[in-house]
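[1] coords please:
(chains A and B)
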Amino acid sequence: MRYILVTALAVLIAAPALSDESKVELKKADGRDKLEANCAACHSLDYVQMNSPFLKPAGWEAEVTKMIKAYGAPIDDADAKAIIDYLNKNYGG
Amino acid sequence: MLTRRALLEGAGAGTALAATGLALPKIDQAKAEIAGLSADLPSGVRGEAAMERLPGKQPLIKLTYRPPNYEAPIDYFKTPITPNDKFFVRYHLSDIPERIDIAKWTLSVGGDGANGSVDLSFADLKKMPAVEVVAVNQCSGNRRGLFQPHVPGVEWGYGAMGCAQWKGAKLKDILAKVGLKADAVEIVVDGADKGAVDKTPDFIKSIPVSKAMEDTTIVAYEMNGAPLPHFNGFPARLVVPGWTGTYWMKHLTSIKAVIKPFEGFWMKAAYRIPRDKFPGVKFASQESIGPNTPITEMVVNSLITSPSNGAKIKGKATVNGIAWDGGSGIKMVEVSGDGGKTWQKATLGKDLGKYAFRPWSAAVAVGKGEQKIMARATNNAGQGQLTELIQNPAGYHHNLYAAVAIIGV
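    The predicted structure follows:
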């Protein structure tokens, strides 16, 4: 899993950025590192801000589950739990 | 400063609003630099959205960087044709082509519902008889961000749409090169974009053969007389007039006729709506593979392009806007200067075709203080806009009456 993520990130870094997503900064709190390490492989993190603050805990859990089950994101169970907790505490509604 | 509280206290406005079930439009001072950004969007959007420029584009409202999702501010809809550099950008998956060399580009045509297969070059495509159609390309989820309660997804405001003159080869002429079998049911289209990880379902869509055979369903290589902008599908995209943007495959690479309904994620699970709640043609072959039904034609809708929220107006307001639907054409637009209590017919502008934005204008009297100007369109099928949303999980088909809050002075 780690290998896939590193590869995906390397491809992104190698390609010229479409626009500057580095200015997106999520709230600093426990779990942010796990979220960044997993979610940013496939999409910019403004997706989190954009979908806030209205999702209830079941809503954020459903989103993370969708990323894993429907979109094939290689996120292990421990990381998924940490990400869901982070989203609920910092971007829940 | 015009606040929501002040608006709510506006004489008479609240009563008229209660009658229509519509929320009062709010004015977001913090993001005033983004014209028309609604305060009804989730507050997280108003924190992260920004006017930003993609290569080859005028500034658009950035919702997400990667994949790029950028919508047009309301100001860009003051003309019924949306300029290419002001046209919205929408991608599902983040591995998008950076540039495409048309000398190497090929479009593969075949499938088990075809008698043969062929690879077309860009030159082959351009040699075919060309047709032109003016048509609105609108994201299924345009205005998703205005749904109450909010639903997750790309939280679009008003600008995930545009109208252009598209030029290209008829899809039916392309299919004739391989020959359709009698039992072909759908035409499956794929483009050059894909997910960042292999397990992500590729963005692949299908349309029924009946829609594929229409004379204006085309593989377009020109938009408003110029090559397609990269971010709008260069070098060729599918144009499916009347149907929502999800079917308008960008960076087209493959066309396949199939004899069974296509069951990929983006047909079976995504872009579906509850059955029998919305008008629009049925996508019959897809109904057997899920409890719901694919979104198809756009619902009738309108947008007020001027005045803008917060404008100060004395006596009479000149109200301009656009209206569109899924292809029956616009029959009538009505405008109210008093929050929906009284309505008068707008004058319709030039008819660019039944799939195009139809401009309209009206002059309405406005009283003093906070006032709400509204518009509602009716199409030739007799369908009108709504005063209450039809809830659906993905937030599609938002077509509430158009409204702006102004100040009568």
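[2] where does the chain have low pLDDT?
    Here I'm looking at chain A. For chain A, the stretches with pLDDT under 70 are A:1-19.
[3] nope, chain B please
    For chain B (pLDDT under 70), the answer is B:1-33, B:35-36.
[4] count of residues packed around whichever residue of it sits closest to chain A?
    Using C-beta to the nearest C-beta, B:Lys199 is the residue of chain B that sits closest to chain A, at 2.4 Å. No exception for glycine: its C-beta is placed from N, CA and C like everyone else's. For B:Lys199, the count of nearby residues is 12 (other C-beta atoms under 10 Å in any protein chain shown).
[5] Surely B:Pro44 is within a helix?
    If you look again at residue B:44, you'll see it is Gly, not Pro. Yes - the assignment for B:Gly44 is a helix, going by DSSP: H, G, I helix; E, B strand; the rest coil.
[6] Name the residues of stretch B:141-152 that are buried.
    The neighbour-count check on stretch B:141-152 (16 or more other C-beta atoms under 10 Å in any protein chain shown) flags B:141-147, B:150-152 as buried.
[7] so which helix or strand takes in the residue of chain B closest to chain A?
    B:Lys199 belongs to no helix or strand when elements are defined using DSSP states H and E.
[8] Leaving out sequence neighbours, find the closest residue to it.
    A:Gly72 (2.4 Å; C-beta to C-beta, 6 or more residues apart in numbering or on different chains).
[9] Tell me how many other residues crowd that neighbour.
    By other C-beta under 10 Å, neighbour count at A:Gly72 equals 17.
[10] wait, what's in contact with it?
    B:195, B:197-201 (C-beta atoms under 8 Å, 6 or more residues apart in numbering or on different chains).
[11] before we move on, back to that, is the residue of chain B closest to chain A in contact with A:Tyr71, as I believe?
    Yes - between B:Lys199 and A:Tyr71 there is a contact under C-beta atoms under 8 Å: 7.4 Å.
[12] Distance-wise, check A:Ala58 relative to A:Lys66.
    Applying C-beta to C-beta, to the nearest Å, the value for A:Ala58 to A:Lys66 is 12 Å.
[13] For the residue in chain A that chain B sits nearest to, give me the backbone phi and psi.
    Per C-beta to the nearest C-beta, A:Gly72 is where chain A lies closest to chain B, at 2.4 Å. Note on A:Gly72: backbone dihedrals following degrees, to the nearest 10 are phi 70, psi 20.
[14] do B:Asn69 as well
    phi -130, psi 110.
[15] And B:Glu370, by the same measure?
    Note on B:Glu370: its backbone torsions stand at phi -70, psi 130 [degrees, to the nearest 10].
[16] Am I right that B:Ala394 is in a helix?
    No - according to three-state DSSP, B:Ala394 belongs to no helix; its state is coil.
[17] hang on, isn't it packed against B:Phe147?
    No - using C-beta under 8 Å, B:Ala394 is not in contact with B:Phe147, being 9.5 Å away.
[18] among the contacts of A:Gly72, which ones are buried?
    B:195, B:197, B:200-201.
[19] Save the residues you listed as TSV, and put in secondary structure and distance to B:Lys127 too.
    Converted to TSV, the buried ones among the contacts of A:Gly72 look like this (DSSP: H, G, I helix; E, B strand; the rest coil; distance: C-beta to C-beta, whole Å):
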residue	secondary structure	distance to B:Lys127
B:Gly195	coil	34
B:Val197	coil	39
B:Thr200	coil	36
B:Pro201	coil	34
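[20] Find the pair from these with maximum spatial separation.
    The distance between the two most remote of the buried ones among the contacts of A:Gly72 (C-beta to C-beta) is 10.7 Å, for B:Val197 and B:Pro201.
[21] Now do the shared contacts for these two.
    With C-beta under 8 Å, 6+ apart, B:Val197 and B:Pro201 have common neighbours A:71-72.
[22] buried stuff in stretch B:71-87?
    B:71-74, B:76-77, B:80, B:82-87.
[23] for chain A, what are the nearby residues on the stretch 1-150 of chain B?
    Residues of the stretch 1-150 of chain B lying near chain A by C-beta under 8 Å from any C-beta of the partner chain: B:42-45, B:47-49, B:52-55, B:62-68, B:94-95, B:98, B:149-150.
[24] same check, this time on the stretch 151-300 of chain B
    Going by C-beta under 8 Å from any C-beta, the residues of the stretch 151-300 of chain B near chain A are B:152-155, B:195-201, B:265, B:269.
[25] which two in those are spaced the farthest apart?
    Those two in those that are separated most widely, counting by C-beta to C-beta, are B:Glu155 and B:Asp198, at 28.3 Å.
[26] And B:Asp112, which helix or strand is it part of?
    B:Asp112 belongs to no helix or strand, assigned by DSSP H and E.
[27] give the contact list for it.
    By C-beta under 8 Å, 6+ apart, the residues touching B:Asp112 are B:256-259.
[28] Contacts only, for the residue lying closest to B:Gly337 once chain neighbours are set aside.
    Leaving aside its sequence neighbours, B:Gly337 sits nearest to B:Val364 (C-beta to C-beta, 6+ apart; 3.2 Å). Residues near B:Val364 by C-beta under 8 Å, 6+ apart: B:316-317, B:319, B:335-337, B:344, B:373.
[29] That concludes my questions; thank you for your assistance.
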